[in-house]
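>>> sequence-free structure coming up:
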């Protein structure tokens, strides 16, 4: 079961790795192949993790062919008599150490083998040397055994026999939770465990035997963010090793679960139920990918084809690919969304060995082919000493490309050869031409789009909770400029659960993002790898290639115009049936009952043959309320997943509620295939009628839709996701302020660690908004939209921590040196109703305090204070220098930000007026980063993310790049400067470890700091950062300041520092790393109480930016 300790969740774990393979191309088995593979993994020590004591590794393993001569000789001496090569299967088992449980598990396995019509031959204790293990590995070491099964005579060797063994393993796994089956195959075997890289060959004596021979060897060294890994989570998996992360794993797994009802294969006959569920949801993302890959392969899909289907290259915008290959990819895209994320995958079934790189190429893989017929692949060159004259070819894997070695026929296949081969297996292009329907090709029906009068629009805007700022700024700006609004200074308003303004449900969900373990992607620079296309309709049977599989509707932009939706509603093409399910309910009814009725209607639509479901809240009037659209979409999505109908029905939303980019992102993230924001588009018409938007209506709607789409692509890219198809249903959010009951029932699988509103509270909000539009007594109502001051403060609007009163008191207090006035300021910002998590915390004072003489002095405490990272260029030279001078006088630390620092200031170190910042930041743009810059630092901070816009880069416009700023940044005046979202030399933990090492060599006296942003799982990322060699970790809150960022990032990305800091502190303690790290936090620290709370939650140092 999943572990939960404090704020830590096992699902937060990440791992990066080193991988390698040695293959004899002609299939000649030798012990040299095994030995060379072990040497490779030993050379990848810098890509492997270890515990705090440095004695236990995060995981190391090797996948080999079964060595027939070795096992034949070994088993003969044990009285276990094996037949010819390929006529028996070998299982590697991690049994419980408790003898009673072990005997019980072994007996159960033997019974299952017999019941499945096969003969169990015997057991073998695997020879090991546990003296090489560290204490942690030894404490949880399983009892390791091998079991042998005879092939029935009527079953063919190879895949057919392995299919039978797969069934046995799945039955056993579902009936025994205490035993882990490492591998069970007639062709391959896996040796793995919690080792340091040098311990693998020492621990398993089989690997030292010269008689153990193989032509294929895959190796893997794991670098986990968590130092409580397990023997089971080490790689290789059963078919693959994986360096990377699958960012879309939640959506992928949900859809695979639903496909269990629709997938059919004659190979399984009456055995399909025995192997379900396909995916073990308690495994890692790599293990779940391996589960799916194994299932597809055992169901008859060739292994290379299965890999291409799950991890496709970016084909949609790549005109260099042949039309045949593009047709092949599009055919399979209609049935399987990409398993997206940085990944270098090596795979083998014992006959072929292949490798593939993710569509962005975010993991390194290089290979040599030698003159003596070997292929050697690894995360980097230099892992084996090979004479130059023996190298026939050296190359690297390219983004989205594949390499394949077939040892049966003795050939290396290039990417082009592999894909052309599979692309020609069926007439995919003809199938698509006959079955795939494009939205743009549908005829506009002879039916008028429903429109509203001005007062009707206003009533609906009030009922759906529109605000004046959204009308005047967000919607107008997107319709006019075709881009999302930009804002600055961060956010200082309450969390939605604390707000008095009845925030929409969308705002209770915070966007997650990639940091350290995998990079965000640059959606602008890497546009060729992104795709906004989605496919709507019933998924075909992916296990059987046939034309009707691709009978779906292709939509290039999932933000639909009213005309687009009208076309879909009136589809008459064969194979498509559309049903509209209202998500409105009578005002005297209850929301819970309304949702239940929606489920009934959905099930009826399914039984009636519908494969496109439109959830519609048109029809809101004085008697009918709308179910919040996000609640309706997610509830239906989860209902369909749980009833295994999800891939039978596409869900399209027709709603008046969504209007902001974040709204659409959550709707797609929780299962909608497409969204028609009919009221937002009606609002654009109103803007034009009111003279606030001088633009053609249809052009304005198109620009608005494109702005929303680009915003969603950017949000997805922050998590390293390239395609909307993969983002759909992936649930890349954390909920803050929603009760556990609502989350479990309607948003299943969403991370939520702070409870809050119930379904009844959500219903009350709906009723309140409705009553503002339609008076219950039929009286006239004020239909003017409220201005709540969500970003810019308004009187009688949203509470702001920075307001005229607090700003005035703070400025006057410090200018006058008036401590009494500062206390007034502190009393205001520390009020319980300020809407921050920390305002809910109360101090537990002991009965007797300690003498003030025993408390750390103010002079000492101030040394823990730092300024936030504000770059020269984003603030003026005078302000930047004043902060440095002040902090140097106080013996605190100022931070340069990412804009560098002038030579003159570097020269001022140690002078009376010391203008040199103590902390030198190294950000993704590396502006002004020179050796001299680094040598002048007391602390070097690697910025992985920024609180106000995590997962995004920065932009200094050309007009702000003055000659003196250009000089400091070592750039050209008048040329805009871009900081990309990722560091292009940090795509993983081991890359970060390399940069830390390099910076330490540049300045061995400086502490190395890494800046992270609070989100679900930041604690496990921080554990990985600590293992990478950092000395300071900053966990920034989402509410920090910024010079400029999209409004959706400022308001909806990241979490409060209270959660991230506490999680990081707890996780580091659990992993024995806390004493190796100084923890720091920042993000709207505004008073002494804030600092005290941060200290109690684990912080030792504190950053301030907006207030100074």
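Received, thanks. Note that this is a predicted model, so its numbers are computed, not measured.
>>> need the pLDDT of residue 1070.
pLDDT for residue 1070: 89.
>>> whoops, I mixed them up, residue 223
Reading off the model, residue 223 has pLDDT 83.
>>> looking at this, it is in a strand?
Yes - membership of residue 223 in a strand is supported by DSSP: H, G, I helix; E, B strand; the rest coil.
>>> wait, it touches residue 48, no?
Yes - taking CB atoms under 8 Å as the definition, residue 223 is a contact partner of residue 48 at 5.8 Å. Backbone N, C-alpha and C define where each C-beta goes, glycine included.
>>> any common contacting residues for those two?
Jointly contacting residue 223 and residue 48 under the rule CB atoms under 8 Å, 6 or more residues apart in numbering are 17-18, 58.
>>> filter the residues you listed down to the buried ones.
17-18, 58 (16 or more other CB atoms under 10 Å).
>>> hmm, back to that, nearest to residue 978, of the shared contacts of residue 223 and residue 48?
residue 17 (30.6 Å; CB to CB).
>>> does the closest one lie in a helix or a strand, and which?
Here residue 17, judged by DSSP states H and E, is contained in strand 15-24.
>>> next, the angle strand 15-24 makes with the following helix or strand past that strand.
Once strand 15-24 ends, the next helix or strand along the chain (criterion: DSSP H and E) is helix 31-43. Going by axes from the mean of the first three to the mean of the last three CA atoms, to 10 degrees, helix 31-43 is angled at 160 degrees with respect to strand 15-24.
>>> helices or strands next to helix 31-43 in the packing?
Counting contacts by 3 or more CB pairs under 8 Å, 6 or more residues apart in numbering; DSSP states H and E, helix 31-43 packs against strand 15-24, strand 60-65, helix 200-203, strand 216-224, strand 374-378.
>>> and the ones you listed as CSV, adding distance to residue 865?
Below are those laid out as CSV (distance: least, CB to CB, whole Å):
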stretch, distance to residue 865
strand 15-24, 34
strand 60-65, 43
helix 200-203, 47
strand 216-224, 34
strand 374-378, 46
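>>> tell me who's in contact with the spatially most central residue of the chain.
By CA atoms, centre = their mean, the chain has its centre lying nearest to residue 247, at 3.5 Å. Contact analysis of residue 247 by CB under 8 Å, 6+ apart lists 340-341, 514, 518, 719-721, 726, 730, 732.
>>> quick one: which of those sit in helices?
residue 726 (DSSP state H).
>>> before we move on, back to that, so which of the buried ones among the shared contacts of residue 223 and residue 48 comes closest to residue 578?
Distance to residue 578 across these (CB to CB) is lowest for residue 17, with 46.0 Å.
>>> tell me which element the residue nearest to that closest one when sequence neighbours are not counted is part of?
Once flanking residues are discounted, residue 17 sits nearest to residue 243: 4.3 Å by CB to CB, 6 or more residues apart in numbering. Applying DSSP H and E as the criterion places residue 243 in strand 240-244.
>>> quick check: angle from that strand to strand 60-65?
Put simply, strand 240-244 runs at 140 degrees to strand 60-65, going by the same axes, to 10 degrees.
>>> average pLDDT for the helix or strand following strand 240-244?
Per DSSP H and E, the first helix or strand lying C-terminal to strand 240-244 is helix 249-259. Computed over helix 249-259, the mean pLDDT rounds to 92.
>>> distance from helix 249-259 to the middle of the chain?
15 Å (CA atoms, centre = their mean, to the nearest Å).
>>> then stretch 610-629?
31 Å.
>>> could you give the mean pLDDT of it?
So the average pLDDT for stretch 610-629 ends up being 97.
>>> residue 517 and residue 1083: what is the separation?
22 Å (CB to CB, to the nearest Å).
>>> compare those two (neighbour count), which wins?
More neighbours surround residue 1083 than the other of residue 517 and residue 1083, with 32 against 25 (other CB atoms under 10 Å).
>>> tell me the pLDDT at the more buried one?
Residue 1083 is assigned 91 on the pLDDT scale.
>>> wait, it touches residue 1034, no?
No - assessed by CB under 8 Å, residue 1083 is found out of contact with residue 1034, at 9.9 Å.
>>> overlap in contacts of the two?
residue 1103.
>>> any figure for the gap between the residue nearest to residue 893 when sequence neighbours are not counted and residue 474?
Once flanking residues are discounted, residue 893 sits nearest to residue 918: 3.9 Å by CB to CB, 6+ apart. According to CB to CB, residue 918 stands 40 Å off from residue 474.
>>> quick one on the thing from earlier: which residues does the residue nearest to residue 893 contact?
887-888, 892-895, 937-939.
>>> mean confidence score for stretch 983-990?
If you average the pLDDT over stretch 983-990, you get 89.
>>> starting at the chain centroid, how far to it?
Stretch 983-990 sits 16 Å away from the centroid of its parent chain (CA atoms, centre = their mean).
>>> in that stretch, which residues are buried?
Buried-residue list, stretch 983-990, by 16+ other CB under 10 Å: 983, 986-990.
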